[in-house]
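>>> sequence unknown, structure follows:
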């Protein structure tokens, strides 16, 4: 699973809660695991507390969510040892989704013993996607992700 920004939050929710029942199983397919093999989170919205992206938090939880609701949707608080290996990519100068989101997720992954990599780039801002100046260090992130996916495929 791969997600960017708010989509990174959705991807992190799947990676941390892949076995949460969503609806009653209707057939054999519904009984299969939804656990992704790997997760790639690019400038993800993770935290719904102090470092939350206010727009994402407001749209998802309302303007004044209580602490319990914020914790329920703060993905770093739901990391578990059996979740998939995770790659985090973020730019330090992101002014939309604070880099703290990737940092706290990496810390939680490390604490749970989940294989992961965190790659922070000095420049790139938010929303760089696949379009970066070819002479920037950030331009290597797609190749880095591809190599990580290949390496973690052979490890499992």
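All right, it came through fine. This structure is a prediction, so every number in the text was calculated from the model and none was measured.
>>> any idea which helix or strand comes after the helix or strand of the chain with the lowest mean pLDDT?
Least confident helix or strand, the chain: helix 54-61 with a mean of 83, by mean pLDDT, DSSP states H and E. Helices and strands here follow DSSP states H and E; after helix 54-61, the next one along the chain is helix 67-72.
>>> what packs against that following helix?
In terms of contacts (3 or more C-beta pairs under 8 Å, 6 or more residues apart in numbering; DSSP states H and E), helix 67-72 is packed against helix 54-61. C-beta: built from backbone N, CA, C; applies to glycine.
>>> Now do the helix it packs on: which elements does it pack against?
On a contact count with 3+ C-beta pairs under 8 Å, 6+ apart, helix 54-61 meets helix 6-17, helix 67-72.
>>> Could I get the buried residue list for it?
Residues of helix 54-61 classed as buried by neighbour count (16 or more other C-beta atoms under 10 Å): 56-57, 60-61.
>>> and if you look at stretch 120-136?
Neighbour counts over stretch 120-136 (16+ other C-beta under 10 Å) mark 121, 124, 126, 128, 132 as buried.
>>> quick one: contacts of that stretch?
Where contact means C-beta atoms under 8 Å, 6 or more residues apart in numbering, the residues beyond stretch 120-136 that reach it are 4-5, 43, 89-97, 99, 102, 137-139, 141-142.
>>> Weed out the non-buried ones from those.
Among the contacts of stretch 120-136, the ones that count as buried by 16+ other C-beta under 10 Å are 4-5, 43, 89-91, 94, 97, 99, 102, 138-139, 141.
>>> Just those: which are in strands?
Among the buried ones among the contacts of stretch 120-136, the ones falling in strands (DSSP state E) are 4, 89-91.
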